[in-house]
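Peer 1: With the sequence up front, the predicted model follows.
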Amino acid sequence: MDAGEGARAEAARRRAEKRAGRIAAGAEELEQRLIDLLRGGLAGADQAGYAPWDEMAARMVDAQAPGLAARVRELGALPGSGEDWPERLLSECALLHLLTRAYLRLDALSAPLAETVKARVGLTVETAELLADEARLIRDEWLVLAQRDTEEGRLTARRVWLHGRATGHRALLLAYGAGGRGPELTLPPGEVLDADLAYYPGAGPLRAALGEQHGAPLPGFRPPGGSVPDALRAYGQALGADPWLDGWPFVLVEVVPVPPPGVRSGAGPVQGHGHSLARGPARAGGAGWQLADAGTEFAVPVAPGTAEATLWMLLALSAEGPLTVFGEVGHRGFAPHTAWSGDRAIPL
């Protein structure tokens, strides 16, 4: 290493130390604000409006902790959002407290969990650095399971889920767009890429960076998957590695949508009832709907917020028989993203 490279490395180290110190100070401040909130009681949190949460999120941005800022903004949307909002707010405050305490005690954590905590507060490895490490690269034929856009403040976040044909690995690509423009990354569901991926470090790695693509897209295929109990076990295992997960990608096979009582299904009778999941029941958008293993007693509620059009599309597709459905299983239920008719992917 020459003198110039040494100086740049030292400057980078100092910048990293400075940012880590700012994040630690922000975490301490956030801890105190959570304590003040709980001491004052949650009952009045809906009367204060969104301004206090927005100001708190801005403080976390100033502390260079965008992950903490995003979670604070999510907290601000809970007061007054339903009859059980104090319970949900308390639960999410507890998770945020766990995250801040974990960051302040990084040295006491295992290396994979420490990487997960750093990623959750907003400290991630640069993509170029990740892809430059050839030991991290995994080449496979990656099936695009789904692509979804969400608005996060002034940014549009695009999430693309992949399944490796040979490895069986699942991966999540994340890209952002700003200024009214969508992210540049566009991968239609059902497309297959012969490409290199590199996973970001962390416990139970999922997020990855897309590297070199080898040739043109390949014909699609129907992904393998499992049952409703398999999905719940997979989510439970992932949650053990990352307590801040809202959902885990999973492909359900041989399932049928079950509408609420009073809505007739053309898919035939299904036995059984849905299992309740932790951290609150489904309410609006998908309330009462389930996805059930065909011919068994196992079912999972459809997550709230699922569009009515998605529910009826699933019901129509199931008229020809049980479905393969990809989505995210989590504490609110199962959020369906893509279904398959033969080897053809149908975005929901």
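Peer 2: Yes, it's here. Numbers count the residues shown, from 1 in each chain.

Peer 1: May I ask you to name the longest strand in this protein?
Peer 2: strand 137-152 (DSSP state E).

Peer 1: name the helices or strands packed onto the helix or strand just after that one?
Peer 2: Of the helices and strands lying after strand 137-152 in sequence (DSSP states H and E), the nearest is strand 155-164. Under the contact criterion of 3 or more CB pairs under 8 Å, 6 or more residues apart in numbering; DSSP states H and E, strand 155-164 touches strand 137-152, strand 170-178, strand 192-199. Placement of C-beta: from N, CA and C, glycine included.

Peer 1: Now find how far off-centre the longest one is within its chain.
Peer 2: This means strand 137-152. In terms of CA atoms, centre = their mean, to the nearest Å, the centre of strand 137-152 is found 12 Å from the chain centre.

Peer 1: Buried by neighbour count: which residues of it qualify?
Peer 2: For strand 137-152, the buried set under the neighbour-count rule, 16 or more other CB atoms under 10 Å, comprises L137, I138, D140, E141, W142, L143, V144, L145, A146, Q147, R148.

Peer 1: Given that strand, what are its sheet partners and their directions?
Peer 2: The strands beside strand 137-152 in its sheet (DSSP bridges) come out as strand 155-164 (antiparallel), strand 192-199 (antiparallel).

Peer 1: Quick check: which of the ones you listed is nearest to T116?
Peer 2: Between T116 and the strands paired with strand 137-152, the tightest spacing by CB to CB is seen for strand 192-199, at 12.0 Å.

Peer 1: contact partners of the closest one?
Peer 2: Residues outside strand 192-199 that contact it (CB atoms under 8 Å, 6 or more residues apart in numbering): 130-131, 133, 136-144, 162, 164-165, 171, 187, 205-215, 217-221.

Peer 1: Give me the domain ranges for this structure.
Peer 2: According to automatic domain parsing, the chain comprises the domains 3-121, 127-213, 228-347.

Peer 1: Switch the ones you listed over to a markdown table; also include mean pLDDT.
Peer 2: Below are the domains of the chain laid out as a markdown table (pLDDT from 0 to 100):
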| stretch | mean pLDDT |
| --- | --- |
| domain 3-121 | 85 |
| domain 127-213 | 90 |
| domain 228-347 | 82 |
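
Peer 1: just the helices in the stretch 201-348 of the chain please.
Peer 2: Using DSSP state H, counting those that start in this stretch, the helices assigned to the stretch 201-348 of the chain run over residues 228-241, 308-317.

Peer 1: Turn those into TSV, including mean neighbour count.
Peer 2: Output for the helices of the stretch 201-348 of the chain, formatted as TSV (neighbours: other CB atoms under 10 Å):
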stretch	mean neighbour count
helix 228-241	17
helix 308-317	17
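
Peer 1: want to throw those helices into TSV with distance to V325?
Peer 2: Output for those, formatted as TSV (distance: least, CB to CB, whole Å):
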stretch	distance to V325
helix 228-241	10
helix 308-317	7
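
Peer 1: for those helices, which one sits closest to E115?
Peer 2: The closest of the helices of the stretch 201-348 of the chain to E115 is helix 228-241. By CB to CB, the value is 10.9 Å.

Peer 1: Identify all contacting residues around that closest one.
Peer 2: With contact meaning CB under 8 Å, 6+ apart, helix 228-241 is reached by 112-113, 116, 203-204, 206, 226, 245, 247-248, 250, 252, 255, 275, 277, 291-293, 298-300, 329-330, 334.

Peer 1: What of stretch 157-170?
Peer 2: 138, 140-151, 171-177, 182-183, 185, 187, 192-193, 197, 206, 208, 221, 223-224, 249, 251, 326, 337.

Peer 1: And it, how far out from the chain middle?
Peer 2: So, by CA atoms, centre = their mean, the centroid of stretch 157-170 is 13 Å from its chain's centroid.

Peer 1: Next: stretch 115-128.
Peer 2: 15 Å.

Peer 1: Buried by neighbour count: which residues of it qualify?
Peer 2: Buried residues in stretch 115-128, defined by neighbour count with 16+ other CB under 10 Å: E115, T116, V117, K118, A119, R120, V121, G122, L123, T124, V125.

Peer 1: And stretch 335-348, by the same measure?
Peer 2: For stretch 335-348, burial by neighbour count (16+ other CB under 10 Å) applies to A335, P336, H337, T338, A339, W340, A345, L348.

Peer 1: Quickly name whichever of these is closest to P261.
Peer 2: P336 (20.6 Å).

Peer 1: Pairing partners for that closest one in the sheet, please.
Peer 2: Beta-bridge partners of P336, as defined by DSSP bridges: G327.

Peer 1: wait, doesn't it sit right on G327?
Peer 2: Yes - assessed by CB atoms under 8 Å, P336 is found in contact with G327 at 4.2 Å.

Peer 1: Which elements pack onto the lengthiest helix in the chain?
Peer 2: Counting residues, the longest helix found in the chain (DSSP state H) is helix 3-40. Helix 3-40 is packed against helix 51-62, helix 66-76, helix 85-104, with contacts defined by 3+ CB pairs under 8 Å, 6+ apart.

Peer 1: Most tightly packed of those?
Peer 2: helix 66-76 (a mean of 21; mean count of other CB atoms under 10 Å).

Peer 1: got the helices and strands packed on helix 3-40 as TSV, with distance to G240 columns?
Peer 2: As requested, the helices and strands packed on helix 3-40 are exported to TSV (distance: least, CB to CB, whole Å):
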stretch	distance to G240
helix 51-62	27
helix 66-76	20
helix 85-104	13
